[in-house]
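*Asks:* Any chance you can model this:
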Amino acid sequence: MSGITERLNAIRTTIPEGVCLLAISKYYPVEAIEEAYNAGQRDFGENKAQDLVVKEQALPKDIRWHFTGHLQSNKIKYIAPFVYMIHSIDSLQLLKEINKHGAKVGRKINCLLQIHIAREESKFGFTPDECLAMLEKEEWKELQNIEIRGLMCMASNTDDMSQVRDEFSAVKNLFDHIKERWFAQSTSFDTISAGMSGDYITAMECGSTCVRIGSSIFEG
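*Replies:* I've put the predicted structure just below:
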């Protein structure tokens, strides 16, 4: 087995049924993605629209492409025809733009609301209060070409795993509150995208349903 296949299979043994393993391929060439694909991986994540377009054209069409980076409005049109899920929604305006481009291509696009939970200024996303305020206005309910599927977060970059656990738990509590308040009758509000190579086990223990792993698959 190649290194990528071996590492991918090892990680799979740590992930329970029902949790999506999202291979973050943003720094890696098509050949590396092909290797993971041949090992059975189908969900891949990119954080630049131009890279995503190039890779989507070069790789098999049954891949589910996730966009995980900060999305600029002028780049939505390039990925709207095929992107499976956008993890990084940080404003109502961005939701409206995605909805507009979804309507143009006749698709409903899955979206996650990015929650800024880390104690770092550099992270994008709604604060929990901002997210609740946006949902409370309910303008998003008029958007027919987006589907809000859940929340995404990044924990603080720290070795203090108790802090990381607290942050992931806070997002799970927020998810539960939002689901009960606005999505109680929905089966599609089902995703918490949380956890990366260094903290995904903790994230799953706190309720993550989608872990985003790159370097541990592609580099070891």
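*Asks:* Could I get the full set of helices for the protein?
*Replies:* Counting by DSSP state H, the chain forms helices over residues 3-12, 30-38, 49-58, 76-79, 92-105, 128-137, 161-182, 200-205, 215-218, given from the N-terminal end onward.
*Asks:* For those helices, please prepare a markdown table with the additional fields mean neighbour count and distance to residue 22.
*Replies:* Every residue, glycine included, has its C-beta placed from N, CA and C. What follows is the helices of the chain, written out as a markdown table (neighbours: other Cβ atoms under 10 Å; distance: least, Cβ to Cβ, whole Å):
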| stretch | mean neighbour count | distance to residue 22 |
| --- | --- | --- |
| helix 3-12 | 16 | 11 |
| helix 30-38 | 17 | 11 |
| helix 49-58 | 16 | 13 |
| helix 76-79 | 18 | 16 |
| helix 92-105 | 18 | 19 |
| helix 128-137 | 14 | 21 |
| helix 161-182 | 17 | 16 |
| helix 200-205 | 20 | 10 |
| helix 215-218 | 20 | 10 |
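*Asks:* Of all those helices, which one is nearest residue 143?
*Replies:* Between residue 143 and those, the shortest gap by Cβ to Cβ is with helix 92-105, which sits at 4.0 Å.
*Asks:* I'd like the mean pLDDT over the closest one, please.
*Replies:* What helix 92-105 shows for mean pLDDT is 98.
*Asks:* Check the gap between the residue nearest the centre of the chain and residue 203 for me.
*Replies:* Of all residues in the chain, the one closest to the mean position by Cα atoms, centre = their mean is residue 87, 3.6 Å from it. Counting by Cβ to Cβ, to the nearest Å, the gap from residue 87 to residue 203 is 14 Å.
*Asks:* With residue 32 instead?
*Replies:* Applying Cβ to Cβ, one obtains 24 Å for the distance of residue 32 from residue 203.
*Asks:* for residue 46, same thing?
*Replies:* Here residue 46 is placed at a distance of 20 Å from residue 203 (Cβ to Cβ).
*Asks:* show me what contacts the closest residue to residue 195 other than its chain neighbours?
*Replies:* Counting by Cβ to Cβ, 6 or more residues apart in numbering, residue 195 lies nearest to residue 203, which is 2.6 Å off, once chain neighbours are set aside. Contacts here follow Cβ atoms under 8 Å, 6 or more residues apart in numbering; on that basis residue 203 touches 155, 168, 194, 195, 211.
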